[in-house]
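[1] below are the sequence and a predicted model for it; my questions follow.
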Amino acid sequence: MYDLIIIGSGPGGYAGAIRASQLGKKVAIVERAELGGVCLNWGCIPTKALLKSAQVFEYTLHAATYGVDMECAPKPSLEKMVERSRGVASQMSKGIEFLMKKHSIDVIAGTAKIAAKGKVEVEGTIYETNDIIIATGARPRNLDAIPVDGLRIINSRKALTLDFLPSTMVVVGSGAIGLEFASFYASLGTKVTVVEYLDKVAPLEDAEISATLERCLRKAKITVMTSTTVNNVVNNGDSCSVAVSGKKGEQTLEAEVVLSAVGVSSNIENIGLEECGIKTERGKIVVDTTTYRTSVEGIYAIGDVIATPALAHVATAEAIRCVELLCGHHAAPINYDAIPSCVYTSPEVASVGLTEAQAVERGHGVTVGKFSLMASGKATAAGARDGMVKLVFDASSQKLLGAHLIGLNVTEMISGLTAMVGEGMTARQIIDTVHPHPTISESIMEAAASALGEAIHG
């Protein structure tokens with residue numbers, strides 16, 4: 001008999017299991033594949049490993065710019081990059097295995113199904129528990145127009161392990177997944193075309209950031225087609241034909257490989273939801289987002305299976321709060337208006353809070369402060385002057401409503417801005433905080449000063 005069984009060992013599942021163990025609960029976690037879920041094994045981590053390899057290759061290509069002479073031209077080895085990426089993923093998964101043992105959490109291998117309230121069936125065996133948390137995550141979404149075959153029409157998982165470097169690639173979708181793979185393959189010499197249904201790339205980002213990113217993609221010789229619909233994709237054997245409709249009417253694109261990156265679908269099928277009477281809506285489990293309780297007492301859900309941002313760090317935060325509440329501890333509710341988002345392209349994109357348009361829609365008078373990295377000494381020294389910091393303030397209170405960044409290492413800067421948004425810091429408070437020089441992060445202070453007309457370098 002367990003106090004808690006968690007179904008799924010991704011960032012939400014394993015974090016929730018560890019927190020429950022810390023609070024004295026007897027815990028089991030069920031996983032049908034590798035510990036760590038998609039994020040550690042087939043998503044966030046291995047993708048970043050590939051992108052790091054691409055960054056190193058890019059540096060070697062431009063070594064002369066930094067005063068480094070090379071006797072021969074560098075060559076990318078996709079095989080070795082993939083091998084390193086898989087090694088990083090394996091190392092991280094083994095780390096989760098160690099944490100499970102450290103915290104005395106039972107790992108049950110197999111596919112789980114909720115048999116009834118307080119009962120989880122795994123490969124024919126029934127396990128009893130007081131509470132259940134569903135943390136089964138998501139998988140790449142499929143579209144009928146893009147029949148993924150794993151050969152030349154692929155999804156993100158296959159893109160991590162391609163055994164050849166395609167000369168041409170069409171990436172359908174310009175969210176984080178699509179853009180990161182587009183950047184990776186383009187940096188290795190693949191001629192990449194990004195096709196986006198909406199009218200801008202990175203459609204969830206602030207309009208100015210999206211426009212800046214599109215210019216950077218084009219600068220990297222990536223073709224961008226926005227407001228374009230993919231009608232169908234055909235595998236011709238040694239290439240693919242992609243029929244699209246867009247600003248130039250109907251046309252057909254040819255590519256060796258087509259990557260479908262059109263979002264994710266929640267893993268909620270065949271886990272006993274219907275049999276237990278757990279309510280779902282539009283492919284998501286319905287929960288109270290203050291407690292994460294489903295419509296059935298004693299059963300909870302977090303992460304990609306519920307209608308909150310499908311991000312690993314959101315799943316982790318939800319799991320920890322869910323566990324603390326069901327263990328009788330106080331847990332502050334998550335402020336979903338202060339969720340950071342990162343895109344690991346080159347340059348990187350990071351954001352938190354409201355865009356300028358969203359702030360206006362919510363009735364705020366806004367004051368905007370901007371600082372271009374063209375004026376940043378650290379960015380200039382690094383040879384990475386593309387980008388900007390944009391801060392959106394409420395005009396009357398001067399409180400920070402949103403922060404939107406594009407540039408070198410901005411994903412490492414967004415945590416501080418997340419705290420600023422969450423705490424409602426004002427432009428004056430940001431300006432009065434002494435920032436170190438020379439750093440990219442001092443651009444935050446410069447942008448705040450710009451909002452009040454006090455910019456020194458902008």
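    Yep, it's here.
[2] now do stretch 114-134: everything it contacts.
    1-8, 13, 16, 28, 30, 108, 110-113, 268, 271-273, 275-276, 278, 285, 292, 294, 296-302, 305, 319, 322-323, 326 (C-beta atoms under 8 Å, 6 or more residues apart in numbering). The way it works is simple: take the backbone N, C-alpha and C, and place the C-beta from them, glycine included.
[3] give me every residue that touches the residue sitting nearest the centre point of the chain.
    In the chain, the C-alpha nearest the mean C-alpha coordinate belongs to Leu311, at 5.4 Å (C-alpha atoms, centre = their mean). Residues in contact with Leu311 (C-beta under 8 Å, 6+ apart) are 339, 341.
[4] distance of it from Asp304?
    9 Å (C-beta to C-beta, to the nearest Å).
[5] direction included, what does the helix or strand containing Ile133 pair against?
    Per DSSP states H and E: Ile133 is located in strand 125-134. The strands that strand 125-134 pairs with in its sheet are strand 2-7 (parallel), strand 119-122 (antiparallel), strand 299-301 (parallel) (by DSSP bridges).
[6] and that strand, what's buried?
    127, 129, 131-134 (16 or more other C-beta atoms under 10 Å).
[7] what of stretch 412-426?
    Neighbour count says stretch 412-426 has 413-414, 416-418, 420-422, 425-426 buried, by 16+ other C-beta under 10 Å.
[8] going on from the helix or strand encompassing Ala49, what's the next piece of helix or strand?
    Element membership of Ala49, judged by DSSP H and E, is helix 44-61. Next helix or strand after helix 44-61 toward the C-terminus (DSSP H and E): helix 78-102.
[9] helices or strands up against that following helix?
    helix 11-22, helix 37-42, helix 44-61 (3 or more C-beta pairs under 8 Å, 6 or more residues apart in numbering; DSSP states H and E).
[10] and the last one, average pLDDT?
    Same thing as helix 44-61. Mean pLDDT, helix 44-61: 96.
[11] that one packs against which elements?
    So helix 44-61, by 3+ C-beta pairs under 8 Å, 6+ apart, packs with helix 78-102, helix 176-187.
[12] please state the offset of the shortest one from the chain centre?
    Read it as helix 176-187. Counting by C-alpha atoms, centre = their mean, to the nearest Å, helix 176-187 is centred 13 Å from the centre of its parent chain.
[13] before we move on, what about the longest one?
    Its chain's average C-alpha position is 19 Å from that of helix 78-102, according to C-alpha atoms, centre = their mean.
[14] can you spell out the domain ranges of this structure, please?
    If you go by automatic domain parsing, the domain ranges for the chain are 2-140+265-326, 153-262, 341-451.
[15] can you put those domains in TSV and add distance to Ile334?
    Putting the domains of the chain into TSV (distance: least, C-beta to C-beta, whole Å) gives the following:
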stretch	distance to Ile334
domain 2-140+265-326	6
domain 153-262	18
domain 341-451	10
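[16] hang on, the earlier thing: closest one to Glu58 among the helices and strands packed on helix 44-61?
    helix 176-187 (5.6 Å; C-beta to C-beta).
[17] PyMOL command for the buried members of the contacts of stretch 114-134?
    Buried members of these, defined by 16+ other C-beta under 10 Å, are picked up in PyMOL with:
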select buried, resi 2+3+4+5+6+7+8+13+16+28+30+108+112+113+268+271+272+273+276+278+285+292+294+296+299+300+301+302+305+319+322+323+326
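[18] can you pull the contacts of Lys200?
    Counting by C-beta under 8 Å, 6+ apart, the residues that Lys200 touches are 207, 210-211, 214, 226.
[19] also Gly377?
    Counting by C-beta under 8 Å, 6+ apart, Gly377 has contacts 437-438.
[20] about what we covered before: now render the strands paired with strand 125-134 as JSON lines, adding mean pLDDT.
    Below are those laid out as JSON lines (pLDDT from 0 to 100):
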{"stretch": "strand 2-7", "mean pLDDT": "98"}
{"stretch": "strand 119-122", "mean pLDDT": "98"}
{"stretch": "strand 299-301", "mean pLDDT": "98"}
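[21] turn the ones you listed into a markdown table, columns for distance to Glu196.
    Formatted as a markdown table, the strands paired with strand 125-134 follow (distance: least, C-beta to C-beta, whole Å):
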| stretch | distance to Glu196 |
| --- | --- |
| strand 2-7 | 34 |
| strand 119-122 | 41 |
| strand 299-301 | 31 |
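[22] which of those sits closest to Ala89?
    Once these are compared by C-beta to C-beta, strand 2-7 is nearest, at 21.1 Å.
[23] contact partners for Val27?
    2-6, 17, 20-21, 103, 105-106.
[24] is it bridged to anything, and to what?
    Leu4.
[25] could you tell me the model confidence score at it?
    On the pLDDT scale, Val27 gets 98.
[26] okay, Thr212 and Met374: tell me how far apart.
    Where Met374 is concerned, Thr212 sits at a distance of 11 Å (C-beta to C-beta).
[27] ok, those two, which is more surrounded?
    Thr212 (23 against 12; other C-beta atoms under 10 Å).
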